[in-house]
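J.: Pasted the sequence and its predicted model underneath.
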Amino acid sequence: MNILLLGAGGFIGVNLTERLLKDGGHQLTAVDISKDKLEHLLNAPGLNYAHLDISSDEAKIEELVKVADVVVDLVAFANPALYVEDPVGVYDLNFTQNLKVVDQCRKHDKRLVQFSTCEVYGLTAAKAFGLDSKENPCPFNEDETPLIMGPIKNHRWIYACAKQLLERVLHAYRYRDGFRYSIIRPFNFVGPRIDYLPSEAGGGNPRVFSHFMDSLLYGTKPMQLVDGGQVFRAYTYIDDAVDCIVRVIENKNDNCDGEIFNIGQPENELTIAELAERMRDMFDEHFRQEGDPPRPEIVSISGEEFYGAGYEDCDRRIADVTKAKTLLGWQPQYGIDQVIFKTMEYFVEEYRKKQASGMAAIPAVASV
Ligand code: UDP
């Protein structure tokens, strides 16, 4: 297949590109505004990289759409800190610019695999009705569960809303014109090449795993639990996720057309407070070396202090993955401890390499 991967340079994109190259038999065109994470793949046979921006290079992207068998759109701002800092930019990229890709696919009659988000589900019904979501799990089903967002003043929800509107537009085009698309809703994928460490990037606000790794490796700050870290997340290892994504792209028997797929590992659920404890213990048990910063403290911080005004958290996200299992024959393999271990291992190995070559930033406090 000739596969056009838009946003191939991000965390999911690079892992997907690696896997598709390994499988072989495809012609891949990887498009991104950054090739940093793709550097190790750029000479691989079967891969072309195009440095293009969907916001400003429409004509060139249209040429690529024309010759593709399937277009996979991964372009997004997908980091909660950004939803709070730059809600207009998040809306613009995640809806307006992505809609251009939809229009090009419609114009040239190409199938589109559109990445969305588990955030479209928003809050659980339990939370919305003032019940304890710990006692009322409310799994999210692609075709049944209502989508519940918080108030407008909490502009975090603009991301979920933009993605939801894009999904609704895709559905409307299928309803009217038979447009061929599939939607993927990722549930907390983690693994190699996710985000960055703030100490190495000179700041920034990545997702939680990177913050905790930063505390463990650099000791610049304690592990901070936003509002006590009592919300739940279920982490999915990127290899499991990619295995499912490839099945959606392949679309055997066309059984993914018009379908939305949750991709997640509902058995891997824990609270953020539990994640912090487990990472801290795992670091001591498997990765700690002489000279590393001391075991960090775990402290609580308010959402407003951590993100600024306009933040509201998702209380719980349990993916109902029945569809991916039955329609695609997919079965995730990695349990929560493996997911945490393998992702930590990636960060630690990268850090030790930098340390050995004198490229790592200096830890704030070294252990004695
Ligand atoms: N969070 C935290 N400490 C951090 C960063 C994030 O407690 O240093 C929390 C955040 O408020 C949310 C959860 O961790 O409850 C997961 O946040 P993340 O940014 O990874 O993305 P999300 O899963 O919300 O999309």
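T.: Yes, it's here.

J.: ok, residue 300 to residue 246 distance?
T.: Residue 300 sits 40 Å away from residue 246, going by CB to CB, to the nearest Å. Where C-beta positions appear, they are placed from N, C-alpha and C, glycine not excepted.

J.: Revised request: answer the last question for residue 282.
T.: Taking CB to CB, one finds residue 282 at 29 Å from residue 246.

J.: Tell me which other helices or strands the helix or strand containing residue 167 touches.
T.: Per DSSP states H and E, residue 167 falls inside helix 157-177. Packing partners of helix 157-177 (3 or more CB pairs under 8 Å, 6 or more residues apart in numbering; DSSP states H and E): helix 80-85, helix 87-91, helix 98-107, strand 111-115, strand 181-186.

J.: buried ones in whichever helix or strand comes after the fourth one?
T.: If I follow you right, that is strand 111-115. With elements assigned by DSSP H and E, the helix or strand that comes after strand 111-115 is helix 125-128. Buried residues in helix 125-128, counted by 16 or more other CB atoms under 10 Å: 125-128.

J.: can you list those in TSV and add distance to the ligand and pLDDT?
T.: Listed next are those as TSV, based on distance: CB to the nearest ligand atom, whole Å; pLDDT from 0 to 100:
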residue	distance to the ligand	pLDDT
125	19	96
126	16	96
127	13	95
128	17	94
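
J.: looking at it, residue 351 is touching residue 217, isn't it?
T.: Yes - if you go by CB atoms under 8 Å, residue 351 and residue 217 touch, sitting 5.0 Å apart.

J.: Give me the spatial nearest neighbour of the most centrally placed residue in the chain, chain neighbours excluded.
T.: Relative to the mean C-alpha position of the chain, the nearest C-alpha, by CA atoms, centre = their mean, is the one of residue 189, at 5.4 Å. Nearest residue to residue 189 in three dimensions, chain neighbours excluded: residue 241, at 4.6 Å (CB to CB, 6 or more residues apart in numbering).

J.: now residue 126
T.: residue 136 (3.7 Å).

J.: tell me the contacts of that neighbour?
T.: Contacts here follow CB atoms under 8 Å, 6 or more residues apart in numbering; on that basis residue 136 touches 124-126.

J.: picking up where we left off before, between residue 351 and residue 217, which is the more surrounded one?
T.: A side-by-side neighbour count of residue 351 and residue 217, using other CB atoms under 10 Å, places residue 217 first with 27 against 24.

J.: Check the offset of the helix or strand containing the more buried one from the chain's centre.
T.: Remark: residue 217 resides in helix 208-218, with elements defined by DSSP H and E. Helix 208-218 sits 18 Å away from the centroid of its parent chain (CA atoms, centre = their mean, to the nearest Å).

J.: what's in contact with that helix?
T.: Contacts of helix 208-218 (CB under 8 Å, 6+ apart): 190, 194-199, 205, 220-224, 233, 272, 275-276, 279-280, 283, 287, 292-293, 296, 343-344, 347-348, 351, 361, 363-364.

J.: The helix or strand just after it vs the ligand: in contact?
T.: As assigned by DSSP H and E, the chain's next helix or strand after helix 208-218 is strand 223-226. Yes - under the criterion of CB under 6 Å from any ligand atom, strand 223-226 makes contact with the ligand via 224-226.

J.: what's the closest non-adjacent residue to the residue in the stretch 251-368 of the chain positioned nearest to the ligand?
T.: Per CB to the nearest ligand atom, residue 272 is where the stretch 251-368 of the chain lies closest to the ligand, at 4.3 Å. Of all residues not flanking residue 272 in the chain, residue 229 sits nearest, at 3.6 Å (CB to CB, 6+ apart).

J.: Also residue 278?
T.: residue 340 (5.9 Å).
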